[in-house]
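Q: what follows is a protein structure lacking sequence information:
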């Protein structure tokens, strides 16, 4: 019995010595549900036309003050399509709409921060938002 206590102590010490902590940014990227105050911008690895991304942003920006809503059902919406750039949204929590200005700001942040790679970002802070996706397909 004492042998197993010694063995488990040695294995635990080896495990702790070899453990490597993950950087906070990687933890958020692996599990965004841990950050209930925000859905941060996450870049993809696409090759989108940034000119078309800005045109999609302008189309949504024209509707500031109006609701960008998610239809009943699966909680997804298609906000804009320009060439090979698709801007869509998905429900994150308990929300059915946000102001289109918030969606436009998310598209701006993705385009300015990620460039042609596209990406996703919460339209508003908080656990209930619409996650905006800029990609080469509807999400």
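A: Structure received. Since the structure is predicted, the reported quantities are computational estimates derived from the model, not experimental observations. Numbering: from 1, shown residues only.
Q: could you give the mean pLDDT of the helix or strand containing residue 107?
A: Per DSSP states H and E: residue 107 is located in helix 100-114. Over the span of helix 100-114, the pLDDT mean works out to 97.
Q: what residues of that helix count as buried?
A: Within helix 100-114, the residues scored as buried using 16 or more other C-beta atoms under 10 Å are 100-111, 114. C-beta here means a position set from N, CA and C on the backbone, and glycine is covered the same way.
Q: swap in stretch 84-103?
A: Counting neighbours by 16+ other C-beta under 10 Å, stretch 84-103 gives 85-92, 95, 97-103 as buried.
Q: surely residue 69 touches residue 76?
A: No. Judged on C-beta atoms under 8 Å, residue 69 makes no contact with residue 76 at a distance of 11.4 Å.
Q: Throw the buried residues of helix 100-114 into a markdown table and include distance to residue 61, thanks.
A: As requested, the buried residues of helix 100-114 are arranged in a markdown table below (distance: C-beta to C-beta, whole Å):
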| residue | distance to residue 61 |
| --- | --- |
| 100 | 8 |
| 101 | 8 |
| 102 | 11 |
| 103 | 9 |
| 104 | 4 |
| 105 | 9 |
| 106 | 11 |
| 107 | 8 |
| 108 | 8 |
| 109 | 13 |
| 110 | 14 |
| 111 | 12 |
| 114 | 18 |
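Q: between the residues you listed, which is nearest residue 39?
A: For residue 39, the closest of the buried residues of helix 100-114 turns out to be residue 106, at 9.2 Å, with distances computed as C-beta to C-beta.
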